[in-house]
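> Take a look and give me a structure for this.
(2 chains)
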Amino acid sequence: MSEKKNTGRRAFMRAAAAAALGGGVWLAATPSSGAWVWQIDPRKCTQCGQCATHCVLNPSAVKCVHATRICGYCDLCSGYLQPNAPALDTGAENELCPTAAIKRSFVEDPYFAYSIDETLCVGCGKCVKGCAQFGNGSLYLQIKRDLCVNCNECSIARDCPSHAIERIPLSRAYILKYDDDSKGTE
Amino acid sequence: MVPDWVWAALAIAVVSVALALFVTDSPERPGDALVYDVSEYEAVDAEDIRYRETLRVALELENPAALAVDNNGHILIAGEGALLVLDEAGGELARREIEGRPYCAAVAPDGVIYLGMRDHVAACSPEGDVLAAWDMLNERAWLTSIVADENHVFVADSGNARVYVYDHSGTRHTVIGERDPEQGLHGFVVPSHYFEVALDTTGALWATNPGKLGLEKYREDGALLGAWHQPGFDIDKFPGCCNPVHIAFKSDGALVAAEKGINRVKVFAADRSFEGVVAAPELLNAGWKTADFPDDMTPVRDIAVDGNDRVLVLHGPLRSLLIFEHINK
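The predicted structure follows:
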């Protein structure tokens, strides 16, 4: 009876020790909610293209994200089509994205919806610049929290010409471009 | 024993290599495939510039946004809390205090001034006193352009993508821009807050359809009379997703159009053939930085044509009125 009790206690102690060890390893491996992480301020970003080439990860942890609430759903999307594209379709020669990461789907004449295939996006910001220059700026770059390894010194931030990359609390995680329903002029 | 000259040569070689590495060390730059570049379309051939800037007037006005010319040739400029009246030479004739921030302005032939606030129209006397504030529109409303003739006031609402036709008492008679897929009418496509109306020299109403990259002509009852859409990046077309951003007409029927993305003002003859450039990007982009005005998609807040066919450009970041005259060759 007492041996049985001892065996149960030992098993419990082992399980508790394993849980504590596992928890410790997990806490050490992931930034706590009080940690600071790198993020791009989209209002400062000039889409120089270096996010694609300067990240320690390949492909970069920087990805294009889309604020659909302010998207114009344009047929002639300047973030999707090459300038002066000869035809308004999804032919590779007409697409602006070098990796074809932007997907276009018909909504109703003359509107199209756009989404980003994150697995293809390299974070160059080419589409972001096209969208910002001619459109509402609904496309913008962000460092994805599930990909970023949160280097002590971010190698993109070191060379960012517009100083757009800054540390923010993990609890904030992202710097969203718009949080109202405006079309981008205010 | 190694001779001294060997050590000296070795030291020189090491220093040379270090210097070479230091000088040639530059961060890796992204290749052309990763960079968005429309500079080839921004370049304007000098021969295409048919206007020259003859006057620049600095404005003591917060957020200048609206520009109009009255029958006396006076220039009205509205901004945050004030309405300026200038003479043809840019001298200030009067300054009226107004409430709020107008986004557009027009002067009717009888001298009544109509100011487009965000969600309603305010009618003002020539002295600037508010005569009436018309009914408020819905919460999506964002009035961006207004014109008036003897009988009507035409108002463009970018938030709802509609043009409203009012009489001078503020009664709304017609709404233009309803979708009717059965008749192939997709209405106005207005991705951003740039949506314009203007009257040509024959009195016909033109409205931009920015998402279709062009203009459409309407009757007062809303009937579509014609469309002129010019998508493309060449200089005789309208680039991007939504252009032109401002329009005005000269006395000979020529269309003056301002664009965003590639910031320029250009003129199309009455037959809509390309006539020339009024202001090239180089001129409009000088003296200010985009980063300081993140909410401005273009420096041009409004344009107008006066009785002498001068092109008036309201430059927001510079808080200035730029006046251009045709170069007679």
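> residue ranges with poor pLDDT in chain A?
Residue ranges of chain A with pLDDT under 70: A:1-7, A:23-33, A:178-186.
> Following the record's annotation, map out the domains of it.
A:1-30, A:31-169 (automatic domain parsing).
> Which among these is found nearest to chain B?
domain A:31-169 (2.5 Å; Cβ to the nearest Cβ). (C-beta placed from N, C-alpha, C; glycine too.)
> and the closest one, does that touch chain B?
Yes - using Cβ under 8 Å from any Cβ of the partner chain, domain A:31-169 reaches chain B at A:43-44, A:46-50, A:52-54, A:72-78, A:83-84, A:96, A:98, A:109-111, A:122, A:124-127, A:129-130, A:133-136, A:159, A:162.
> sorry, back to before: can you tell me which of the domains of chain A is packed in deepest?
domain A:31-169 (a mean of 19; mean count of other Cβ atoms under 10 Å in any protein chain shown).
> now it, how far from the centre of its chain.
Centroid displacement of domain A:31-169 relative to its chain, using Cα atoms, centre = their mean, to the nearest Å, is 8 Å.
> and the closest residue to B:Ile49 other than its chain neighbours, which of the three is it?
What sits nearest to B:Ile49 in space, not counting adjacent residues and going by Cβ to Cβ, 6 or more residues apart in numbering or on different chains, is B:Val277, at 4.9 Å. When classified by DSSP: H, G, I helix; E, B strand; the rest coil, B:Val277 comes out as strand.
> Contacts for the one helix or strand A:Phe106 maps to, please.
Per DSSP states H and E: A:Phe106 is located in strand A:102-108. Here strand A:102-108 makes contact (Cβ atoms under 8 Å, 6 or more residues apart in numbering or on different chains) with A:64, A:73, A:77, A:79-80, A:90, A:95-96, A:112-117, A:127.
> Specify which member of these is nearest to B:Ala108.
Distance to B:Ala108 across the contacts of strand A:102-108 (Cβ to Cβ) is lowest for A:Tyr73, with 36.3 Å.
> quick one, what contacts the nearest residue to that closest one once chain neighbours are set aside?
Distance criterion Cβ to Cβ, 6+ apart; nearest residue to A:Tyr73, sequence neighbours excluded, is A:Tyr111 at 4.1 Å. Contacts for A:Tyr111 (Cβ under 8 Å, 6+ apart) come out as A:73-75, B:189.
> Take these and keep only those in helices.
Nothing among the contacts of A:Tyr111 maps onto helices, per DSSP state H.
> is it possible to export those residues to JSON lines including distance to B:Gly90?
Converted to JSON lines, the contacts of A:Tyr111 look like this (distance: Cβ to Cβ, whole Å):
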{"residue": "A:Tyr73", "distance to B:Gly90": "42"}
{"residue": "A:Cys74", "distance to B:Gly90": "38"}
{"residue": "A:Asp75", "distance to B:Gly90": "42"}
{"residue": "B:Val189", "distance to B:Gly90": "37"}
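> can you map out the strands along chain A?
Using DSSP state E, the strands of chain A run over residues A:36-40, A:62-66, A:102-108, A:111-116, A:139-143, A:165-169.
> Out of those strands, the one nearest B:Leu215 is which?
Comparison of these against B:Leu215 by Cβ to Cβ identifies strand A:111-116 as nearest, at 20.4 Å.
> Give me the sheet partners of that closest one and which way each runs.
Looking at strand A:111-116 with DSSP bridges, its partner strands are strand A:102-108 (antiparallel).
> pLDDT value on B:Gly307, please?
For B:Gly307, the pLDDT comes out at 95.
> Tally up the residues packed near residue 171, please.
As the question left the chain open, I've gone with chain A. 11 (other Cβ atoms under 10 Å in any protein chain shown).
> I was after chain B.
10.
> for it, phi and psi?
When read as degrees, to the nearest 10, the backbone of B:Thr171 gives phi -90, psi 130.
> so how far is B:Leu199 from it?
B:Thr171 sits 20 Å away from B:Leu199, going by Cβ to Cβ, to the nearest Å.
> For chain A, what is the nearest residue in the stretch 1-150 of chain B?
Using Cβ to the nearest Cβ, the closest approach of the stretch 1-150 of chain B to chain A is made by B:Pro30 at 3.3 Å.
> In contact with that residue, which residues?
Per Cβ under 8 Å, 6+ apart, neighbours of B:Pro30: A:48-50, A:52-53, A:124.
> Filter those down to just the ones in helices.
Reading helices off the contacts of B:Pro30 with DSSP H, I get A:50, A:52-53.
> Rounded mean pLDDT for stretch B:265-275, please.
The model assigns stretch B:265-275 a mean pLDDT of 97.
> give me the element the residue of the stretch 151-300 of chain B at minimum distance from chain A is part of.
For the stretch 151-300 of chain B and chain A, the shortest gap (Cβ to the nearest Cβ) falls at B:Pro191, measuring 2.5 Å. Using DSSP H and E, B:Pro191 maps to neither a helix nor a strand.
> If you count neighbours, what's buried in stretch B:262-279?
With burial defined by 16 or more other Cβ atoms under 10 Å in any protein chain shown, the residues of stretch B:262-279 counted as buried are B:262-268, B:275-279.
> er, stretch B:289-302 actually
Across stretch B:289-302, burial judged by 16+ other Cβ under 10 Å covers B:296-302.
> Is B:Val313 in a helix, a strand, or coil?
What three-state DSSP gives for B:Val313 is strand.
> and the nearest residue to it once chain neighbours are set aside, how many neighbours?
Take B:Val313 and drop its neighbours on the chain: the residue closest to it by Cβ to Cβ, 6+ apart is B:Leu322, 4.3 Å away. For B:Leu322, the neighbour count with other Cβ under 10 Å is 23.
> For B:Leu322, I want the exact helix or strand it lies within.
Following DSSP H and E, one finds B:Leu322 within strand B:320-326.
> tell me the angle of that strand relative to strand B:311-315?
Strand B:320-326 and strand B:311-315 are oriented at 160 degrees to each other (axes from the mean of the first three to the mean of the last three Cα atoms, to 10 degrees).
> ok, residues contacting strand B:320-326?
Strand B:320-326 is contacted from outside by B:50-59, B:67, B:75, B:77, B:86, B:90, B:265, B:278-279, B:308-315, using Cβ under 8 Å, 6+ apart.
> Show me how to select, in PyMOL, the buried members of those.
Under the burial definition 16+ other Cβ under 10 Å, those of the contacts of strand B:320-326 that qualify are selected in PyMOL by:
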select buried, chain B and resi 50+51+57+59+67+75+77+86+265+278+279+310+311+312+313+314+315
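> Tell me which of the contacts of strand B:320-326 fall in strands.
B:51-58, B:67, B:75, B:77, B:86, B:265, B:278-279, B:311-315.
> Give the burial count for B:Trp5, as a bare number.
Look at B:Trp5: counted by other Cβ under 10 Å, it has 8 neighbours.
> now it: how far from B:Ala11?
Here B:Trp5 is placed at a distance of 11 Å from B:Ala11 (Cβ to Cβ).
> Tell me which residues touch residue 114, please.
In the absence of a named chain, chain A is used. A:66, A:71, A:73, A:77, A:79-80, A:102-105, A:139.
> Can you look at chain B instead?
Going by Cβ under 8 Å, 6+ apart, the list of residues near B:Tyr114 reads B:105-108, B:121-124, B:146, B:148, B:153.
> Shouldn't it be within a strand?
Yes - the assignment for B:Tyr114 (three-state DSSP) places it in a strand.
> Could you check how far it is from B:Asp157?
Using Cβ to Cβ, B:Tyr114 is found at 14 Å from B:Asp157.
> now swap in B:Asp221 and tell me
Per Cβ to Cβ, B:Asp221 is found 18 Å from B:Asp157.
> So for the two, which residue has more residues nearby?
Shown here are B:Asp221 and B:Asp157; by other Cβ under 10 Å, B:Asp157 has more neighbours (25 against 9).
> thought that one was touching B:Glu139?
No - if you go by Cβ atoms under 8 Å, B:Asp157 and B:Glu139 don't touch, sitting 11.8 Å apart.
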